[in-house]
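Trainee: Any chance you could fold what I've pasted below:
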Amino acid sequence: MKHLITVLFLIISGYVFAQGGESLSEAQLEIRKKAHILYNEGVRLIEADDYTQAHLKFDEALFILPEFELPYLERGKIKIKNGQNDLALKDINIAIELNEELAEAYYCMGYLEYINKNTKSAFNNINKAIQKGFATSEAYYYRGLLNFISEDYNNAMIDFTMAIDKNPNFAYAFHERASSKRMLNDYQGAINDYNQALNLNPDLVTAYDNLGNCKIKIGDFKGALDDYSKAIQLNPNYYFAYNNRGNAYYQMANFEAALNDFTRVIEIKKDFALAYNNLGITNVKMQNYLTAVKNLSKAIELNPKYAEAYLNRGYAQEFLGKFNDACADWKMAKELGLNDAEKYINECE
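Mentor: Here you go, the predicted structure:
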């Protein structure tokens with residue numbers, strides 16, 4: 001199972017308005033002073049979780065001083081929190097136009113690009129935020145996520161380590177560093193980090209699931225079963241854990257338990273092709289060949305390019321004496337890029 005990345009967004013406030021060095025009239029100074037006061041009132045309201053009133057204070061500050069970049073930034077962050085991402089983007093763009101050195105604005109821009117899955121642009125903006133001085137644990141965390149998505153696991157691990165150095169209680173950073181180590185085949189290192197993530201956040205379901213996956217890799221099947229079961233206890237509808245526990249049971253030749261878990265997966269997620277494939281191969285092991293063909297056909301119906309399902313259906317067809325159908329399935333698996341099918345195709349010639 002591909003690792004699921006956990007996402008969070010933290011609004012960060014507390015900038016102090018700084019006046020420019022230009023010569024200003026008393027009236028202009030008074031306007032700036034008033035805008036400054038309104039801005040600081042807005043920041044205090046954010047700290048009190050009163051985002052509606054904070055937004056109004058930032059509106060007032062901008063009404064009297066439209067070139068004041070910081071209220072645009074804070075107002076944009078409130079809009080992100082409220083899910084008004086297009087409006088947030090406009091405010092953050094204006095903030096950057098007014099002050100190209102406003103590092104946190106690039107971070108917010110990167111975050112918006114991240115949730116819109118514009119990976120390259122997101123990385124460039126968050127990287128720029130860090131380079132300009134917004135080197136917070138969250139900024140390193142998101143740059144790490146973007147490196148992870150780009151399969152640059154070494155740099156992802158470095159970024160998550162920086163996030164942890166800045167915030168040793170950052171459970172998600174431990175979780176994602178563990179996932180980077182896992183992708184680099186450092187399973188024991190990953191286990192250590194997943195455990196630390198769980199020490200900080202015992203409700204992190206994906207950490208238990210991923211712990212199980214790592215323990216399978218080092219041959220600790222009992223430990224893996226315990227971890228998958230803990231994930232299921234926390235979230236009885238977490239079908240990935242059922243699927244992975246089923247795979248563990250399958251590898252332990254406990255086919256009845258595997259069958260039960262794979263069946264539970266499709267009860268929760270009826271269109272999960274992988275579970276139908278797993279049901280199929282388990283039924284092959286239990287000599288339920290007709291049921292296996294039905295399961296594997298469903299997997300193929302849900303994913304017509306599922307090469308492994310064609311290969312496995314070929315096995316089931318062969319056991320049923322349907323050699324032409326078996327050969328057709330193996331040829332399709334080969335056409336879809338599964339080279340393992342070739343040795344079975346040779347039997348057809």
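Trainee: what is the rounded mean pLDDT of the helix ranked longest in the chain?
Mentor: Looking across the chain with DSSP state H, the single longest helix is helix 26-47. Averaging pLDDT along helix 26-47 yields 93.
Trainee: okay, it in PDB with CA atoms only?
Mentor: C-alpha atoms of helix 26-47 as PDB (Å, rounded to 0.1, in the frame of the first residue of the first chain):
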ATOM      1  CA  GLU A  26       1.900  64.200  10.200                       C
ATOM      2  CA  ALA A  27      -1.400  63.200   8.600                       C
ATOM      3  CA  GLN A  28       0.300  60.300   6.800                       C
ATOM      4  CA  LEU A  29       2.000  59.200  10.000                       C
ATOM      5  CA  GLU A  30      -1.300  59.300  11.800                       C
ATOM      6  CA  ILE A  31      -2.900  57.100   9.200                       C
ATOM      7  CA  ARG A  32       0.000  54.600   9.400                       C
ATOM      8  CA  LYS A  33      -0.200  54.600  13.200                       C
ATOM      9  CA  LYS A  34      -4.000  53.900  13.100                       C
ATOM     10  CA  ALA A  35      -3.500  51.100  10.500                       C
ATOM     11  CA  HIS A  36      -0.800  49.700  12.700                       C
ATOM     12  CA  ILE A  37      -3.100  49.700  15.700                       C
ATOM     13  CA  LEU A  38      -5.900  48.000  13.700                       C
ATOM     14  CA  TYR A  39      -3.500  45.400  12.400                       C
ATOM     15  CA  ASN A  40      -2.300  44.500  15.900                       C
ATOM     16  CA  GLU A  41      -5.800  44.300  17.100                       C
ATOM     17  CA  GLY A  42      -6.500  41.900  14.300                       C
ATOM     18  CA  VAL A  43      -3.500  39.700  15.300                       C
ATOM     19  CA  ARG A  44      -4.700  39.600  18.900                       C
ATOM     20  CA  LEU A  45      -8.200  38.500  17.700                       C
ATOM     21  CA  ILE A  46      -6.600  35.700  15.700                       C
ATOM     22  CA  GLU A  47      -4.700  34.600  18.800                       C
END
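Trainee: Could you list the buried residues of it?
Mentor: Across helix 26-47, burial judged by 16 or more other Cβ atoms under 10 Å covers 32, 35-36, 38-43, 45-46. No exception for glycine: its C-beta is placed from N, CA and C like everyone else's.
Trainee: How about stretch 313-324?
Mentor: 313-318, 322.
Trainee: Pull the distance from the longest helix of the chain to the chain's centre.
Mentor: 39 Å (Cα atoms, centre = their mean, to the nearest Å).
Trainee: Can you name the element that comes right after it?
Mentor: Downstream of helix 26-47, the first helix or strand assigned by DSSP states H and E is helix 51-64.
Trainee: Who are the packing partners of the next helix or strand after that next one?
Mentor: Sequence order places helix 69-81 as the next helix or strand after helix 51-64, per DSSP H and E. Applying 3 or more Cβ pairs under 8 Å, 6 or more residues apart in numbering; DSSP states H and E, we find helix 69-81 packed against helix 26-47, helix 51-64, helix 85-98, helix 103-115.
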